[in-house]
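K.L.:
Structural data only, the sequence is not supplied:
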Ligand SMILES: Nc1ncnc2c1ncn2[C@@H]1O[C@H](COP(=O)(O)OP(=O)(O)OP(=O)(O)O)[C@@H](O)[C@H]1O
């Protein structure tokens, strides 16, 4: 019954905001038209469609708001006016009562609050649709007096989310069959991705492990600080981490007054991002200003502080390499290479014609080159490429969408800090060094080193494996073939022996010469 009411409410909101025109564009049933006319009496449809959609999602509550936020990153699917408007969505939700947060913590640890914390701030420092954060001091003698931030999940989210998700799935089915654009928008797939994303966000252990991995990766770079996780105090619904002290990145004047080098800060942001993406293939993908602070403590002055690790992106070696090559080819204006790379990587179907793709890419990219390089937005280029690729039936990979969104965030942030920031020139040496490392002898050595334990295990077993293989083959191959194989094996053995004896001889010769030289010197 409740589900029915919720469904009717959603339908009412959709009609009141004139979204029927957007969603039911090919649905001409007179009955539905009549109902929508009646419900829409007195509504104001002068506002742009994006704004109406945003307002409707805000009306439908936090889960729909989150959905809109996630959807806003799918610029490969949405027209720009709608994506821009959805990106403005903010979850303005009141904090949940502190006793509820405390009950969640006590349930998670099986202890009273005062057994876990020496001090616990009753007023949360921040609150969003899924979780809220309280500052506290740990009691555990091992961490005596450590100041921490405690993130607590909003209670009973799962059933609410499941209900809204099942309605969303139903609506996605309708949109897919009723809307003119339904097939292309793949609403059911979008909702399925959102489903996974929401469930991930509901597991703070996952977030804590993302943070720990990023912290490990970033040690040594000395440009960014990531809070330490207190694993004994991390559960699915509660996460206890080191409390960080910093100035929010968007308070640029305050940072400048405190003596932070803002231009360096902008460059460091780019370095951190490119290191996470191209070196580690593991990047923080929720880089909005609310999650970034800057340390002003003397020993870590001017370093970034990263918070909120609910969304991270991962890239495989394969993705990393193709991306780096794409960026480099793009900046050489080698569009043919960009097109070939798209086909080689399987991002577009293999039957795609290189020349057609090349000219489409040229049409996207060339206008950017009329501007100084520092004005080129890599995020924008990537986005336009995704939009173009729609015509070529590209299945956009979710990890690339996340990357493009983060790149836009980083660029926005970098340029807010330093409008003169030349993103490409900051990133170029990094990319070139990385590419050189990928193909240079160092990389070969690294790979050999990484594979060495496997070879070490395999080598002693080689004669036995060979023998077994030959024995198995005996039943399948003729005596003549076997004789050939054995002759080949004998030849290889002789060759190997030659190489080994030759090597030993050479080494001995070298040692003897060295000894003789030293004797003579002596
Ligand atoms: N370790 C920490 N040290 C200091 N402050 C923190 C810490 N973790 C979180 N905060 C504060 O709490 C705020 C919200 O944290 P976080 O972004 O992790 O929560 P969220 O529920 O995912 O919020 P949103 O969805 O709005 O990003 C941060 O902006 C920051 O002000």
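P.N.:
Now that the structure is in, tell me what you want to look at. Everything numeric here is computed off the predicted structure, so don't read it as measured data.

K.L.:
any idea how far residue 110 is from residue 238?
P.N.:
Here the distance between residue 110 and residue 238 works out to 12 Å (CB to CB, to the nearest Å). The C-beta positions use only the backbone N, C-alpha and C, and glycine is treated the same way.

K.L.:
With neighbour numbers in mind, choose between those two.
P.N.:
Set side by side, residue 110 and residue 238 show unequal neighbour counts under other CB atoms under 10 Å, the larger going to residue 238 at 23 against 7.

K.L.:
Just the pLDDT for the nearest residue to that one once chain neighbours are set aside.
P.N.:
Beyond its immediate neighbours in the sequence, the residue positioned closest to residue 238 (CB to CB, 6 or more residues apart in numbering) is residue 108, lying 4.5 Å away. According to the prediction, residue 108 has pLDDT 95.

K.L.:
show me what contacts residue 108?
P.N.:
235, 236, 237, 238 (CB atoms under 8 Å, 6 or more residues apart in numbering).

K.L.:
Switch those over to JSON lines; also include distance to residue 56.
P.N.:
Rendered in JSON lines, the data for these read as follows (distance: CB to CB, whole Å):
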{"residue": "235", "distance to residue 56": "36"}
{"residue": "236", "distance to residue 56": "32"}
{"residue": "237", "distance to residue 56": "30"}
{"residue": "238", "distance to residue 56": "34"}
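
K.L.:
returning to that earlier point: is the helix or strand containing the residue nearest to residue 238 in proximity to the ligand?
P.N.:
Assigned by DSSP states H and E, residue 108 belongs to helix 98-109. No: between helix 98-109 and the ligand, judged by CB under 6 Å from any ligand atom, nothing touches; the nearest distance is 12.4 Å.

K.L.:
helix or strand right after that helix?
P.N.:
From helix 98-109 onward toward the C-terminus, using DSSP H and E, the following helix or strand is helix 113-116.

K.L.:
Now do the buried residues in that following helix.
P.N.:
When neighbours are counted by 16 or more other CB atoms under 10 Å, the buried residues of helix 113-116 are found to be residue 116.

K.L.:
And for stretch 138-149?
P.N.:
138, 139, 140, 143, 146, 148, 149.

K.L.:
so residue 380 makes contact with residue 407?
P.N.:
No: between residue 380 and residue 407 no contact is recorded; they are 9.0 Å apart, counting by CB atoms under 8 Å.

K.L.:
Who has more neighbours out of those two?
P.N.:
In this view residue 380 and residue 407 are compared by other CB under 10 Å, and residue 407 has more residues nearby, 23 against 16.

K.L.:
ok, how many other residues are close to residue 119?
P.N.:
Here the count is done by other CB under 10 Å, and residue 119 has 12 residues near it.

K.L.:
now swap in residue 195 and tell me
P.N.:
Applying other CB under 10 Å, we find 17 residues neighbouring residue 195.

K.L.:
Is there a neighbour count for the residue in the stretch 201-350 of the chain positioned nearest to the ligand? I'd like the number.
P.N.:
Nearest to the ligand in the stretch 201-350 of the chain, going by CB to the nearest ligand atom, is residue 308, at a distance of 3.3 Å. Around residue 308 there are 20 other residues, counting by other CB under 10 Å.

K.L.:
circling back: please narrow the contacts of residue 108 to those residing in strands.
P.N.:
In strands, judged by DSSP state E, the following of the contacts of residue 108 are found: residue 238.

K.L.:
Verify the stated contact: residue 233 with residue 138.
P.N.:
Yes: Residue 233 is in contact with residue 138 according to CB under 8 Å; the separation is 7.4 Å.

K.L.:
Can you pull the residues that touch both of these two?
P.N.:
Taking CB under 8 Å, 6+ apart as the contact definition, residue 233 and residue 138 share the neighbouring residues 116, 148, 240.

K.L.:
which of those residues are close to the ligand?
P.N.:
The overlap between the shared contacts of residue 233 and residue 138 and the neighbourhood of the ligand (criterion: CB under 6 Å from any ligand atom) is empty.

K.L.:
could I get these as TSV with pLDDT and distance to residue 59?
P.N.:
Shown next, in TSV, are the shared contacts of residue 233 and residue 138 (pLDDT from 0 to 100; distance: CB to CB, whole Å):
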residue	pLDDT	distance to residue 59
116	95	39
148	98	37
240	98	35
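
K.L.:
Give the full set of residues in contact with the residue nearest to residue 275 when sequence neighbours are not counted.
P.N.:
Nearest non-adjacent residue to residue 275, counting by CB to CB, 6+ apart: residue 221, 6.2 Å away. Residues touching residue 221, when contacts are defined by CB under 8 Å, 6+ apart, comprise 271, 272, 275.

K.L.:
Am I right that residue 221 is in a strand?
P.N.:
No: secondary structure of residue 221 (DSSP: H, G, I helix; E, B strand; the rest coil): coil, not part of a strand.
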